[in-house]
Each structure stands twice: as C-alpha cells, then as structure tokens.
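J.: coords please:
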Amino acid sequence: MTDVDREIPGEEAMASSGSATTILKNGFQLYPLERVDHLKAMSKASGQDLYNFQKGTTTLGFIFDKGVILAVDSRASMGSIIATQNISKVIEINSYLLGTMAGGAADCTYWERHVAKLCRLHELRTQERVTVAHASQMLANIFFYFRGYGLSAGTMIAGWDRSKGPQLYYISDKGERVSGKLFSVGSGSLFAYGVIDQGYRSDMSLEEAVELGTRAIYQAAHRDAYSGGFANLYHVHENGWTKIVNYKDINDLHYAYCEQKDVPGDSM
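T.: As a prediction, the model looks like this:
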C-alpha cells in the first residue's frame with residue numbers, strides 16, 4: 001500500500017540523509033505482514049518456502065553504432081508455475097527512455113513507472129529533458145534506500161542523450177548501478193550471452209542487430225525453462241525508440257531457425 005498524497009523518494013532521495021526506516025514512515029507503507037502470516041505457518045508445516053517463488057526471465061541490451069537494442073521474453077513464472085506468457089517486460093518511461101523488467105514484476109513495474117513520473121516532473125521544472133544517467137541514478141537511489149525490504153529487481157535503463165548518444169545502465173535491487181555496452185539479466189542470461197558474445201560488433205547494421213537480439217532471446221527461451229512465450233525487441237535511436245519485434249512466438253522462431261539449418265524442428 002502506498003501513500004499517494006506524498007511523493008515517494010526519487011529526486012528527493014538523492015538529497016535525503018534519512019534512513020530507509022524514516023523514509024518508509026513518512027512516505028511509504030509496507031503491506032501489513034499479519035495478513036500473510038498464514039503462509040508462514042503453511043510453509044513451516046510443509047517444510048517448503050511457499051511465498052519465496054523462484055522467478056525467471058531473459059532480458060538483454062546492447063549498444064551499437066545506430067543506438068541501443070533491448071530484447072526480452074514474455075514469460076512470468078512462480079517456481080514451476082507459468083503465471084502468464086504475455087507480460088510486457090519493457091517499461092516505456094517516456095518517448096526516449098526505456099526500462100526492462102527482471103525479478104519481481106510488481107517491484108520493477110511500480111518503481112520504473114514512478115521514475116517516469118519523476119522524469120516528467122524534472123522536465124516541467126527545468127524545461128530540459130532528463131539524461132539517461134540521471135534517470136538511472138534516481139532508480140538506483142530508490143533501490144538503495146529500500147534495500148533489505150524485500151525488493152526483487154534487476155533492471156536496465158536505456159536511452160539516447162543529446163550530448164552523449166546511446167546510453168545503457170544496469171541497476172540492481174541493492175542500488176548497484178553500472179554503465180556498459182552489453183548486459184543480459186535473468187535466468188536465461190547465460191544462454192543469451194553465448195549468442196551475443198559470438199555475434200556482437202559495434203558496426204552492425206540495424207538488421208543485423210535485430211537478428212542478433214532476436215536469436216539471443218530465442219536461444220535463451222528455448223533452453224531456459226523459466227523463459228519463454230514471445231520475443232519483443234526495441235530499438236532506441238536519436239529520435240526516440242521504435243518497437244521492431246512485437247510478440248514473435250518463440251516456437252515459430254524455433255521452427256524457422258531449424259528450417260534454415262535444414263533439420264527437423266523436433267530434433268533440437
């Protein structure tokens with residue numbers, strides 16, 4: 001539950017010297033834990049952790065000469081249960097900034113949308129658009145102040161700065177923030193890295209970059225049990241971002257790639 005009458009820390013958190021406890025007391029409320037105490041009793045009786053679900057996903061991003069590619073799958077899982085095959089794991093922050101979702105869907109969605117609000121407030125106050133570094137720092141500061149409260153998130157923020165060009169940042173739920181040219185996050189990231197490392201070049205054409213990102217997501221979703229569903233791919237460029245691959249079925253990609261190799265689809 002949130003206190004919507006008061007702005008939750010963002011730019012405010014950057015200058016705040018208060019503890020996370022103080023921030024929570026003044027502007028944020030945790031969901032009453034007594035409401036879910038029965039889960040603890042059930043977990044203890046069964047010997048299983050029923051409320052700490054294992055999550056899985058595959059998200060990736062890389063910078064090349066023509067911008068940034070963000071590619072994601074669409075499966076949301078709770079342990080061995082597939083919750084949905086149609087979740088959107090790219091959060092459209094504004095017309096030139098995108099964020100990705102890995103970990104808890106609620107945590108990533110809520111806080112990245114909150115950053116979108118802070119970015120808009122920054123633009124209204126300063127009459128300048130927020131930089132990618134500033135937006136990623138706001139999210140990192142929020143995660144840092146709420147570390148230890150059970151947040152589950154591994155996100156990327158991608159965008160295009162007028163002065164620095166394409167930018168890509170990784171932010172963890174502990175407040176870690178890293179700038180780089182290539183990241184993959186989630187249970188399928190090792191499979192995605194194998195494809196990206198083999199085919200990545202900074203001077204790729206847009207068509208080559210789209211094919212590389214799509215193939216990496218396919219490979220991860222095909223081999224990782226916790227990734228799957230559909231592939232979505234965005235291109236961040238000087239004029240904003242464009243969604244290039246829209247919910248392309250992983251199974252269709254599998255048979256298409258098998259056909260290219262002239263092997264039966266059921267053999268791989």
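J.: okay, now the unreliable bits of the chain?
T.: 1-55, 267-268 (pLDDT under 70).
J.: quick one: the helices in it?
T.: Secondary structure of the chain (DSSP state H): helices located at 11-15, 20-27, 37-46, 105-126, 132-145, 189-199, 206-223, 250-261.
J.: need these in TSV (columns: mean neighbour count).
T.: (C-beta placed from N, C-alpha, C; glycine too.) Formatted as TSV, these follow (neighbours: other CB atoms under 10 Å):
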stretch	mean neighbour count
helix 11-15	16
helix 20-27	14
helix 37-46	11
helix 105-126	17
helix 132-145	23
helix 189-199	18
helix 206-223	22
helix 250-261	14
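J.: of all those, which one is nearest residue 179?
T.: Evaluated over the helices of the chain, closeness to residue 179 peaks at helix 132-145, with 7.6 Å, by CB to CB.
J.: among the helices of the chain, which is nearest residue 76?
T.: Here helix 105-126 is closest among the helices of the chain (CB to CB), at 5.8 Å.
J.: then that closest one to PDB, C-alphas only?
T.: The C-alpha coordinates for helix 105-126 follow below in PDB (Å, rounded to 0.1, in the frame of the first residue of the first chain):
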ATOM      1  CA  ALA A 105       7.100  -7.900 -11.800                       C
ATOM      2  CA  ALA A 106       5.400  -5.600  -9.300                       C
ATOM      3  CA  ASP A 107       8.600  -4.100  -8.000                       C
ATOM      4  CA  CYS A 108      10.000  -3.300 -11.400                       C
ATOM      5  CA  THR A 109       6.700  -2.000 -12.900                       C
ATOM      6  CA  TYR A 110       5.900   0.200  -9.900                       C
ATOM      7  CA  TRP A 111       9.300   1.800  -9.400                       C
ATOM      8  CA  GLU A 112      10.000   2.300 -13.100                       C
ATOM      9  CA  ARG A 113       6.700   4.000 -13.600                       C
ATOM     10  CA  HIS A 114       7.500   6.100 -10.600                       C
ATOM     11  CA  VAL A 115      10.800   7.100 -12.200                       C
ATOM     12  CA  ALA A 116       8.700   8.000 -15.300                       C
ATOM     13  CA  LYS A 117       6.800  10.500 -13.200                       C
ATOM     14  CA  LEU A 118       9.900  11.900 -11.700                       C
ATOM     15  CA  CYS A 119      11.400  12.400 -15.200                       C
ATOM     16  CA  ARG A 120       8.300  14.300 -16.300                       C
ATOM     17  CA  LEU A 121       8.400  16.500 -13.200                       C
ATOM     18  CA  HIS A 122      12.100  17.200 -14.000                       C
ATOM     19  CA  GLU A 123      11.200  18.300 -17.500                       C
ATOM     20  CA  LEU A 124       8.400  20.500 -16.300                       C
ATOM     21  CA  ARG A 125      10.600  22.200 -13.600                       C
ATOM     22  CA  THR A 126      13.800  22.700 -15.700                       C
END
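J.: run the chain-centre distance for it.
T.: With CA atoms, centre = their mean, to the nearest Å as the basis, helix 105-126 stands 14 Å off its chain's centre.
J.: now that helix against helix 132-145, angle please.
T.: 130 degrees (axes from the mean of the first three to the mean of the last three CA atoms, to 10 degrees).
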